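K.L.:
got a sequence here, can you model it:
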Amino acid sequence: MLTIAYFTNRLEPKIEWFFDSLGNQAKGERLRVVVVDYHAGNPDRRAQVDALAKDRFDLVHVEPKPTVWQGKHRLTTRDYFAASNARNTAICLAPDGHIAFVDDLSCLQPGWLDRVKMHVSTAPGRITCGAYRKVLEMTVRHGEVVHYKNNPIGNDHRLSWVSPGHVRNCGGDWMYGCSLVAPVNAFLDCNGYDEDCDGMGYEDVVCGTMLAAHGWSFAYDPNMMTFESEELHHASGNAFLRVDKGISPNDASHKMLDMLRKGRKTAPNYFGEGGIRALRQAVLSGEPFPVVQVPQHHWPDGQPLSEM
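P.N.:
I've put the predicted structure just below:
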């Protein structure tokens, strides 16, 4: 089975772009879509997403699992960016097979789903990274981008290293979260995305590096493309705080890289006995995600999260 996971914490994620572009490419096939949405607890939001999905997909619409970084169970004084937690939520809701990730404010470009399916079929044991472009003045009608302005600084820098139309083998540090497809078991090997990156970011490259250390192979496909709105990334009311403590190169992200170089290949997430494998089995059996109130201090400097 293929699960397609979509992530947002925005008030206006333009999820209709995703639903319509995916619907165009699905050609009537009912796909399993998991929407991990910070605002899923709002009845109006749930009704809106249900209406936009229009019974085209087998839809699972959930809030991110409880975390100390955001939402009703947070320990921090405000909501922080927590992409690892959201990714791990989706992984726990993927029954088997493969999972593909798509970020909000995105429109799938023609052929995206065909490329995902091709990689699942021809290279089922590989992680395939898609491409992106963050463009200006993006206008979408019925799931198709009908107008945009090029934004050179928003272009995926990996595109310049690959011949047009070709798939290139690459390392785990090429794994960006905005578009990829991977075996679910890959993420179980490394205990999911590292939630020590929550509050900071950088979780995609960290996870890719851990997956590579477990022996998973990677490729980059420039034809598995999504377009994103550059302006809406910066719209007011949408941004959750990110803090990379310290001054480069002595900041938290570089400390994380140093731990990876020294052999960290499994995320020390707080999932209890059995890690993400046991958590996922419990959730797929119908149990709710547990409320976990750890860590209570920030790993780079020991600061209580209640002070952040």
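
K.L.:
can you give me the buried ones in whatever helix or strand Arg277 lives in?
P.N.:
Element membership of Arg277 [criterion: DSSP states H and E] is helix 275-284. Applying a neighbour-count criterion of 16 or more other Cβ atoms under 10 Å, one finds Gly275, Ile276, Arg277, Leu279, Arg280, Ala282, Val283 buried in helix 275-284. Just so you know, the C-beta spots here come from the backbone N, C-alpha and C atoms, and that holds for glycine as well.

K.L.:
show me what it is packed against.
P.N.:
Applying 3 or more Cβ pairs under 8 Å, 6 or more residues apart in numbering; DSSP states H and E, we find helix 275-284 packed against helix 83-92, helix 184-189.

K.L.:
can you pull the contacts of Pro183?
P.N.:
Gly97, His98, Pro124, Gly125, Ile127 (Cβ atoms under 8 Å, 6 or more residues apart in numbering).

K.L.:
using TSV, lay out those residues together with neighbour count.
P.N.:
Conversion of the contacts of Pro183 to TSV gives the following (neighbours: other Cβ atoms under 10 Å):
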residue	neighbour count
Gly97	14
His98	22
Pro124	10
Gly125	11
Ile127	26
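
K.L.:
which residues touch stretch 141-155?
P.N.:
17, 19-24, 107-110, 133-140, 227-228, 230.

K.L.:
try it again with 10 Å
P.N.:
16-25, 107-110, 131-140, 227-231, 233 (Cβ atoms under 10 Å, 6 or more residues apart in numbering).

K.L.:
which positions in it come out as buried?
P.N.:
Gly143, Val145, Tyr148, Asn151, Gly154.

K.L.:
with stretch 12-23 instead?
P.N.:
Pro13, Lys14, Ile15, Glu16, Trp17, Phe18, Phe19, Asp20, Ser21, Leu22, Gly23.

K.L.:
residue ranges with poor pLDDT in the stretch 101-250 of the chain?
P.N.:
236-238 (pLDDT under 70).

K.L.:
try it again with 90
P.N.:
163-165, 177-178, 233-239 (pLDDT under 90).

K.L.:
the strands in it, which residues?
P.N.:
Per DSSP state E, counting those that start in this stretch, the stretch 101-250 of the chain carries strands over the ranges 106-108, 126-141, 144-149, 168-170, 179-183, 217-229, 246-247, 250-251.

K.L.:
any chance of the ones you listed in JSON lines, plus distance to Arg46?
P.N.:
As requested, the strands of the stretch 101-250 of the chain are exported to JSON lines (distance: least, Cβ to Cβ, whole Å):
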{"stretch": "strand 106-108", "distance to Arg46": "21"}
{"stretch": "strand 126-141", "distance to Arg46": "23"}
{"stretch": "strand 144-149", "distance to Arg46": "27"}
{"stretch": "strand 168-170", "distance to Arg46": "38"}
{"stretch": "strand 179-183", "distance to Arg46": "26"}
{"stretch": "strand 217-229", "distance to Arg46": "24"}
{"stretch": "strand 246-247", "distance to Arg46": "40"}
{"stretch": "strand 250-251", "distance to Arg46": "39"}
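
K.L.:
against Val33, how distant is the closest residue to His233 other than its chain neighbours?
P.N.:
Sequence neighbours aside, Leu105 is the residue nearest to His233 in space, at 6.4 Å (criterion: Cβ to Cβ, 6 or more residues apart in numbering). Going from Leu105 to Val33 by Cβ to Cβ, to the nearest Å gives 17 Å.

K.L.:
neighbour count winner among the two?
P.N.:
Leu105 (25 against 22; other Cβ atoms under 10 Å).

K.L.:
the more buried one and Arg133 touch, don't they?
P.N.:
No: contact status for Leu105 versus Arg133: not in contact, 12.0 Å apart, counting by Cβ atoms under 10 Å.
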